[in-house]
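Undergrad: My questions are about this predicted structure, shown below with the sequence.
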Amino acid sequence: MAKTSGGAAAAAAQTEPDDDGFQLRSLQEAHSTSRHYPASDDELLRFYQQMVLIRRFEEKAGQLYGLGLVGGFCHLYIGQEAVAVGLQSALDPDKDSVITGYRDHGHMLAYGIDPKLIMAELTGRQAGISKGKGGSMHMFSLEHHFYGGHGIVGAQVPLGTGLAFAHKYREDGGVCMTYFGDGAANQGQVYESFNMASLWKLPVVFVIENNGYAMGTAVKRSSAETEFYRRGTAFRIPGLDVNGMDVLEVRQAAEVALDFVRKGNGPVLMELNTYRYRGHSMSDPAKYRSREEVQEMREKHDPIEGAKTELLARGVPEERIKEIDKQTRAIVTEAADFAENSPEPALEQLYTDVLVESY
């Protein structure tokens, strides 16, 4: 039989069933037939409120950083709010786990963790979620099944795979949502994790938040394969290509992915195409892109404005939306006041929580 060309072979691998009758493109095709989650008005209002909370919280965090109240690095989630809200609204917080990299404030807020505890952690206070020792990049909450906040690029991916193994081993029905970025997607440990997760059919959703620039290098300059959702193909992991600036599309894709994983079929790889409005961190001037590019994304693709437009089109009164905005600003102001008025850890706390002495 004649060999097909490379492109034709790749297409065939995606469309033709393998020995088990499984098509790698099946989830993408399912998503393409229905891209928007049929949210009720109340659900969409909740998504809107969560995204606004993340946006206002991050803006306040940036202000506190400028005042010197937040030490170390600080990576803001502004612009990417629809990803965490759309995905995590589909999770079961009583059993599903979440792990991410160092741009983690938004994921914590989307999982219902108290903004006051997060802001206190950012400012290094004893009341913080990690007792003021983790700061922006290393937050953790066993109670909320949130396992970080990790500062080493890509290191959370094998850890998330381990969390998925724990879910399967315990038979608790949980799924681990493991986030990483387009920059981390080139790490070797990511593909070792893909192989293991697929081999053992682990309940994990790998989520690539592709904001286009990693730390500061455009995807096309650093990645041979820029369609990241295809990167699981060699490990027989189906992929989903999703508009990460549309919260209803993100939520619908989450439904497709989680249904597949919860049925014991193994992992899914999701690429969420999104955009961060600020630099990689607060110290990044972001000179690798133009102001015009950022402005165009804000004006034409903003996830919060998109949700607001949808709400207004449904007939939701603008006064109700304004009230949500007002209440959210009050929540963030309260969180900042709580953090600024909370004490720093006592000096002797330097020597605690260093080593787990019992298991």
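TA: Ah, there it is. For clarity, every value in this text was computed on a predicted model and none was experimentally measured.
Undergrad: show me where the stretch 101-250 of the chain has strands.
TA: Per DSSP state E, counting those that start in this stretch, the stretch 101-250 of the chain carries strands over the ranges 176-181, 204-210, 239-243.
Undergrad: Is it possible to get TSV of these that adds mean pLDDT?
TA: Shown next, in TSV, are those (pLDDT from 0 to 100):
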stretch	mean pLDDT
strand 176-181	98
strand 204-210	98
strand 239-243	97
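Undergrad: got the contact list for whichever helix or strand Glu292 is part of?
TA: Using DSSP states H and E, Glu292 sits in helix 291-301. Helix 291-301 has contacts (C-beta atoms under 8 Å, 6 or more residues apart in numbering) with 79, 245, 275, 277, 286. The way it works is simple: take the backbone N, C-alpha and C, and place the C-beta from them, glycine included.
Undergrad: mind saving the C-alpha coords of that helix as CSV?
TA: C-alpha atoms of helix 291-301 as CSV (Å, rounded to 0.1, in the frame of the first residue of the first chain):
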residue,chain,number,x,y,z
ARG,A,291,0.1,48.7,22.7
GLU,A,292,-2.3,48.5,19.7
GLU,A,293,-2.4,44.7,19.9
VAL,A,294,-3.3,44.8,23.6
GLN,A,295,-5.9,47.5,23.0
GLU,A,296,-7.5,45.5,20.2
MET,A,297,-7.8,42.4,22.5
ARG,A,298,-9.4,44.6,25.2
GLU,A,299,-11.8,46.2,22.9
LYS,A,300,-12.9,43.2,20.8
HIS,A,301,-12.3,40.1,22.8
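Undergrad: Which SSE is immediately downstream of that helix?
TA: helix 303-313.
Undergrad: Determine the angle, from 0 to 180 degrees, between that following helix and strand 239-243.
TA: Angle of helix 303-313 versus strand 239-243, following axes from the mean of the first three to the mean of the last three C-alpha atoms, to 10 degrees, is 70 degrees.
Undergrad: any idea of the mean pLDDT in helix 303-313?
TA: In this model, helix 303-313 has a mean pLDDT of 98.
Undergrad: now the angle from whichever helix or strand comes after that helix to helix 303-313?
TA: Downstream of helix 303-313, the next assigned helix or strand under DSSP H and E is helix 318-340. Orientation check (the same axes, to 10 degrees): helix 318-340 against helix 303-313 gives 150 degrees.
Undergrad: just how off-centre is helix 318-340 within its chain?
TA: 23 Å (C-alpha atoms, centre = their mean, to the nearest Å).
Undergrad: Only the buried residues of that helix, if you could.
TA: 321, 324, 328, 331-332, 335-336, 338-339 (16 or more other C-beta atoms under 10 Å).
Undergrad: repeat for stretch 31-38
TA: Those would be 31, 37, for stretch 31-38 by 16+ other C-beta under 10 Å.
Undergrad: now swap in stretch 254-272 and tell me
TA: Buried, per 16+ other C-beta under 10 Å, within stretch 254-272: 254, 256-258, 260-261, 266-272.
Undergrad: mind checking the end-to-end distance for that stretch?
TA: 11 Å (C-alpha to C-alpha, to the nearest Å).
Undergrad: Over it, what's the mean pLDDT, rounded is fine.
TA: 97.
Undergrad: Then stretch 59-71?
TA: On average, stretch 59-71 scores 96.
Undergrad: In CSV, list the C-alpha atoms belonging to it.
TA: Below are the C-alpha coordinates for stretch 59-71, written out as CSV (Å, rounded to 0.1, in the frame of the first residue of the first chain):
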residue,chain,number,x,y,z
GLU,A,59,-6.0,45.2,39.8
LYS,A,60,-5.8,45.7,43.6
ALA,A,61,-3.0,43.3,43.9
GLY,A,62,-1.1,45.3,41.3
GLN,A,63,-1.7,48.5,43.3
LEU,A,64,-0.5,46.9,46.5
TYR,A,65,2.6,45.6,44.7
GLY,A,66,3.3,49.1,43.5
LEU,A,67,3.1,50.3,47.1
GLY,A,68,5.6,47.7,48.2
LEU,A,69,3.1,45.7,50.2
VAL,A,70,3.5,42.6,48.0
GLY,A,71,7.0,41.2,47.9
